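Q: Next comes the sequence, and after it the predicted model I'd like to discuss.
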Number of protein chains: 6
Amino acid sequence: MSIRIRVINPNTSASMTEGIAQAAHAVAAPDVVIEAVNPTMGPVSIEGHYDEALAVPGVLDEIRKGVEDGVDGFVLACFGDPGMDAAREIAGGRPVVGIAQAAMHLAALAGRGFAVVTTLSRTAGRAWDLAEAYGFSAKCREVLACEVPVLDLDGVAEQKVAELAKEALTHEGVDSIVLGCAGMAEMAAAVTEEVGAPVIDGVTAAVGLVEAMVRAKVPTASKHEWAAPRPKTYVGLLEGFSIAE
Amino acid sequence: MSIRIRVINPNTSASMTEGIAQAAHAVAAPDVVIEAVNPTMGPVSIEGHYDEALAVPGVLDEIRKGVEDGVDGFVLACFGDPGMDAAREIAGGRPVVGIAQAAMHLAALAGRGFAVVTTLSRTAGRAWDLAEAYGFSAKCREVLACEVPVLDLDGVAEQKVAELAKEALTHEGVDSIVLGCAGMAEMAAAVTEEVGAPVIDGVTAAVGLVEAMVRAKVPTASKHEWAAPRPKTYVGLLEGFSIAE
Amino acid sequence: MSIRIRVINPNTSASMTEGIAQAAHAVAAPDVVIEAVNPTMGPVSIEGHYDEALAVPGVLDEIRKGVEDGVDGFVLACFGDPGMDAAREIAGGRPVVGIAQAAMHLAALAGRGFAVVTTLSRTAGRAWDLAEAYGFSAKCREVLACEVPVLDLDGVAEQKVAELAKEALTHEGVDSIVLGCAGMAEMAAAVTEEVGAPVIDGVTAAVGLVEAMVRAKVPTASKHEWAAPRPKTYVGLLEGFSIAE
Amino acid sequence: MSIRIRVINPNTSASMTEGIAQAAHAVAAPDVVIEAVNPTMGPVSIEGHYDEALAVPGVLDEIRKGVEDGVDGFVLACFGDPGMDAAREIAGGRPVVGIAQAAMHLAALAGRGFAVVTTLSRTAGRAWDLAEAYGFSAKCREVLACEVPVLDLDGVAEQKVAELAKEALTHEGVDSIVLGCAGMAEMAAAVTEEVGAPVIDGVTAAVGLVEAMVRAKVPTASKHEWAAPRPKTYVGLLEGFSIAE
Amino acid sequence: MSIRIRVINPNTSASMTEGIAQAAHAVAAPDVVIEAVNPTMGPVSIEGHYDEALAVPGVLDEIRKGVEDGVDGFVLACFGDPGMDAAREIAGGRPVVGIAQAAMHLAALAGRGFAVVTTLSRTAGRAWDLAEAYGFSAKCREVLACEVPVLDLDGVAEQKVAELAKEALTHEGVDSIVLGCAGMAEMAAAVTEEVGAPVIDGVTAAVGLVEAMVRAKVPTASKHEWAAPRPKTYVGLLEGFSIAE
Amino acid sequence: MSIRIRVINPNTSASMTEGIAQAAHAVAAPDVVIEAVNPTMGPVSIEGHYDEALAVPGVLDEIRKGVEDGVDGFVLACFGDPGMDAAREIAGGRPVVGIAQAAMHLAALAGRGFAVVTTLSRTAGRAWDLAEAYGFSAKCREVLACEVPVLDLDGVAEQKVAELAKEALTHEGVDSIVLGCAGMAEMAAAVTEEVGAPVIDGVTAAVGLVEAMVRAKVPTASKHEWAAPRPKTYVGLLEGFSIAE
């Protein structure tokens, strides 16, 4: 019986969803089905707290659909892991793993400390907040930005990323590199080649972790904090998110 | 010249906005104008991560209006401080203070450690996350729940809150009590009376802190992480949140 | 009814008390009365642990007088916050806020992290100790010294402070600047102008925080640790500090 | 092409190796080959620091053999993760994952906090040390002992484990249970059934994490700290561990 | 050549100085001379922040005399370690070790965690602050009070201390007991007898640590932060503390 | 009656044992007998996790002999403190102090922060792990390597060590230098001379701390975690380590 993993690209750019899908397919075990989707509402790319906060309704809508479709687990494929806690409330115990979370976990397994190489420096604060939340504030040593916007990531950006990665690896305690954007998934192989150290893409990492949880029969906790939301009316633009009794 | 503080109740229940307004008025300095509002979209009350995430679009809409109206600062009057970072990106340096943040800051000034007394235990995780983010993970000793939903807070709940507070104050390192819901603002005086120790309501605390920032001419940082959002298209239900060039 | 705040300059230099008074007046709300004083015993300036320890008896003497005079709260206007805990024991629940404490709290409200710009590098250790005690060891990123003694702070020093501030703001995670000496209160406006980011003077910050506590009716905890001192004889030079039965 | 995972039981009891092998097989993906082994030297069970330290030479001998045999990664199947750092030095970049490490990582992905239920209370210190090293000191809330020795784990012990787990799950912040011994692998399903929350066995968790690392092409860092050992003579009993030029 | 250690009892009660002297003598090496003194100014006992702050001038006076007398190192024999940093500024590199500091260091060497058993609960906050400052906040698990004032410590108190110690040793992670008052030095042997675990008196611990520093030729750092105080005028009651050019 | 301290050099190089013996003798009190030994099995030097792990059986063998010989305490004279926890289990409460542990404790007593100057950079990770375990992660500011192997330490290396030390002392918060290898014991005096700040050798520090514990009658905790190992069979090469009933 196969394992179905719904990979949600939290922005609305279908081309990026496609790249994410390919990266995920490439690492999935033979019995895993990858279903990559993106929401129908929200920002075309996520480059700050405002974008991220407003990507959440779309993410939650996709979680709801995935649950209806009976998938086995979810990947949130944006490095800010938007809407994680809310998603868990409606995912009924299915694993929900963010790509920042996943990449940081694998980096923690791969060495003593890591550097994140991200897109714009304005997103660094979020990366630090997540490292802290996940227990990795001491293992995350640096967050470096190539200063290329998400939708402009290309070969030139790849070279910048490789250079930042190489430099970071000369610093004490940096053993591996975490790529700080789902749009960098396709760079991982080339950057690894160039730097000769573990380079971790969150999309592939997250697929592996969701698999690991599903096979080991480890659900997300779904009591207390992450119990189903209380029945409640939502008004105005968001009334579709109301929770029926 | 007066100081205008826009107090945003992140849920859509006007009766609760009214209670918040009264609490804020009661502590405002003579030259401070309190403007209490609530969004036109979102949940009628906030009791978990899902509610909170989906309250954020409405909060951001109110921040935008407040900036257009030329207010001097904002209070986010829900104990989860929803949308704080995103709000800062569009507040143009105006102080944005959450009531959990404010209450914890005053508690840190008032003693060695505090206990939070909140509504439902499912919200405790968020309180702990905020304590950690604000630097108070060692000062926050306990988060206790009276298990009364937000919209049912009444005299009976007040008694439960007072009892939990009294008990917490017997524990080592607990010097003060933080009320964990904007709906508890009106309880502060009575609970203080009963427990004989500092009892801190976040609404009144936040009004004081926004005042302090405005008078001392301390804006929120508005570069880097909290610079204005990048121009960007939003699609579907949320297209109104697009940021023009 | 007005709020009376006793601002204690812990050193014995009246000229410095005057500067502190002006800074405090400038930010006080219309109903706040600022009363700036300094002790009759102790060092003419505070530039190290020895000076600070020996400033404490004078500070405590002023707290005692302020309580007798019926003031509403106290500011300790030296960046080492000398005698804070002892002061609380005799302040009968009145707020006692130090200027390092206040500046760090406002900096924590204003951004992700701050740099302290202080006078002599020998005082940096104390600044770090206070940041740790207040919960801000992760938010305090740097303590930089202009190497100008307290009583020599002038226009040249102001330029040095502005330069250090500008440099610090280019470092990751530094969003705002905390001025590390009460003698720098008058520099805040000019330095802000020059660096274009929040610059926080502790005197003005502390006035705001004492106001916030008084208006919100949040006393300092005055049980357990900060209960009134036990009746006790003091001998020799310090017999005047004896506590009667 | 299949993935070969060498699962090393660090003690010398073949019956326990068999149980571990079964647990590992049960969760392996279709293309994964599990090879369970145990050393020919060392203690018959590991129940303290002395046992663990002396299990390490045998573990290193098995790592050496696995590298010679060309396996893809290693699991250290004792909850003390004995010899991890030394193993990495000779594993040539192949993933080496300990079962305490793996279980704590999955627990961190599954909820806010976890309790470890272990065999003897004398092993609790090691569990705490590992939680700290892996970044999970705040997520590990309790370490509870059923006080049954490793080789005596049976149905009665299973019942004790379930009872301790149930109790722990009533404590604030405990969302999941980590089983603190490879000998408990077979209990996971039954305990899960009884407690209705995530119950995590390290053997199955570690197999999943090694798979995830191998598929995502994330090696263990093998430079600096974990570079191959320097050529060196070993004398006496341990001369076989010498490293040739 | 002998090693001279000046043991300063920071309160002015000669009878307590005598008990401290005896405890120190009992553990000194054959070539160590113990010189126990107390100040001529300050409180007769130290039971809170106010007492402690006002004990500091007397302590500093004794440090000055000890330096003039050419002693090799100092012990501050009150569990609040009053005036430590200031003392270092005038001790010219001679070791200055507090008894809380010393006891916590030995406890850290003796086991995983310790409980402090102190006099009055109002002093617990100071013990926690010191544990944090010295690096032992995770090793200090509890601070328990027998609620007997310093000058009333007697056989009955000893029994209470032993009972609290015994109870604490049943808690997870508590391996040893730290006695939280110089007045308890004489209890150590009897309490050890009764509890069967390490019981650490700070006076004897501090004598050992000063010896260790002197023999190993490890001075206190005396540059930067702890350089000699700057020349400065002190006024009023404290003019005797002025520092000449 | 004399105090007998068994100083164990964990590697098998007798020349290094001799140097360690001399350093220990030089600081021992008149009534202390130093007995320096090294194991008959294991690596000729320790320069990484593999070497260290495989030094442990030899160390434990020497602890066993020391207990049979009735010594009063042990020093583990390798900067990785190999086998500490296991050693405690068989030392029957006798103090066991590692030289990294001892040096870091004295450095913590001597100033605010320290830098470790070690041999090869591959050993830095272990130094950081120990600093964390002992409570000194905030006090350990840097670990610097002279890149000279252990058995090649000579006058040239001494000069490199002095230069690294001098540079480190210019960094904020570095007050003292910890020498990161037992082979550097003889350098301490010369390096101190050159840098003018506390330079701490772990061998001399550890002798002093064992003395302090023995004189103060503070054993290592020997219950729970560090109780005697459970009776157990060891097989193969290590059968000599079996624990009889």
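A: Cool, the structure landed.
Q: Give me the buried positions along the lengthiest helix in chain A.
A: Using DSSP state H, we find that the single longest helix of chain A is helix A:49-69. Across helix A:49-69, burial judged by 16 or more other C-beta atoms under 10 Å in any protein chain shown covers A:49-63, A:66-67. Using the backbone N, CA and C atoms, a C-beta is placed for each residue, glycine as well.
Q: what does stretch A:82-94 give?
A: Neighbour-count burial for stretch A:82-94 flags A:82-91, A:93-94 (criterion: 16+ other C-beta under 10 Å).
Q: give the contact list for the residue nearest the centre of chain A.
A: In chain A, the residue lying closest to the centroid (C-alpha atoms, centre = their mean) is A:Ile99, at 2.3 Å. Shown in contact with A:Ile99 (C-beta atoms under 8 Å, 6 or more residues apart in numbering or on different chains): A:75-79, A:81, A:182, A:201-203, A:205-206.
Q: Might you report the residue contacts of A:Pro39?
A: Contacts of A:Pro39 by C-beta under 8 Å, 6+ apart are A:8, A:10-12, A:55, A:57-59, A:61-62, B:236.
Q: Same list (those) but as JSON lines, adding distance to chain D and pLDDT.
A: As requested, the contacts of A:Pro39 are arranged in JSON lines below (distance: C-beta to the nearest C-beta, whole Å; pLDDT from 0 to 100):
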{"residue": "A:Ile8", "distance to chain D": "17", "pLDDT": "98"}
{"residue": "A:Pro10", "distance to chain D": "19", "pLDDT": "98"}
{"residue": "A:Asn11", "distance to chain D": "23", "pLDDT": "98"}
{"residue": "A:Thr12", "distance to chain D": "27", "pLDDT": "97"}
{"residue": "A:Ala55", "distance to chain D": "21", "pLDDT": "98"}
{"residue": "A:Pro57", "distance to chain D": "24", "pLDDT": "98"}
{"residue": "A:Gly58", "distance to chain D": "23", "pLDDT": "98"}
{"residue": "A:Val59", "distance to chain D": "18", "pLDDT": "98"}
{"residue": "A:Asp61", "distance to chain D": "23", "pLDDT": "98"}
{"residue": "A:Glu62", "distance to chain D": "20", "pLDDT": "98"}
{"residue": "B:Gly236", "distance to chain D": "31", "pLDDT": "97"}
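Q: Name the SS class of A:Lys160, please.
A: Following DSSP: H, G, I helix; E, B strand; the rest coil, we place A:Lys160 in the helix state.
Q: So for it, what's the pLDDT?
A: Listed pLDDT for A:Lys160 reads 96.
Q: so who does it touch?
A: A:Lys160 neighbours (C-beta under 8 Å, 6+ apart): A:146-148.
Q: tally of neighbours for A:Ser242?
A: 15 (other C-beta atoms under 10 Å in any protein chain shown).
Q: send the alpha carbons of stretch A:59-67 over as CSV?
A: As requested, the backbone C-alpha atoms of stretch A:59-67 are provided in CSV (Å, rounded to 0.1, in the frame of the first residue of the first chain):
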residue,chain,number,x,y,z
VAL,A,59,-2.3,26.7,3.3
LEU,A,60,-5.1,25.8,5.7
ASP,A,61,-7.5,25.4,2.8
GLU,A,62,-5.1,22.9,1.2
ILE,A,63,-4.7,21.0,4.5
ARG,A,64,-8.5,20.7,4.6
LYS,A,65,-8.6,19.4,1.1
GLY,A,66,-5.8,16.9,1.8
VAL,A,67,-7.6,15.5,4.8
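Q: and chain A, which residues reach chain C?
A: A:124-125, A:128, A:143 (C-beta under 8 Å from any C-beta of the partner chain).
Q: again, 10 Å this time
A: By the rule C-beta under 10 Å from any C-beta of the partner chain, the part of chain A lying against chain C is A:121, A:124-125, A:128-129, A:132, A:137, A:142-145.
Q: Now narrow those residues to whatever sits close to chain D.
A: Restricting the residues of chain A next to chain C to those adjacent to chain D (criterion: C-beta under 10 Å from any C-beta) gives A:132, A:137.
Q: Closest one to chain B out of the residues of chain A next to chain C, please.
A: Distance ranking of the residues of chain A next to chain C against chain B, using C-beta to the nearest C-beta, places A:Gly125 first at 4.1 Å.
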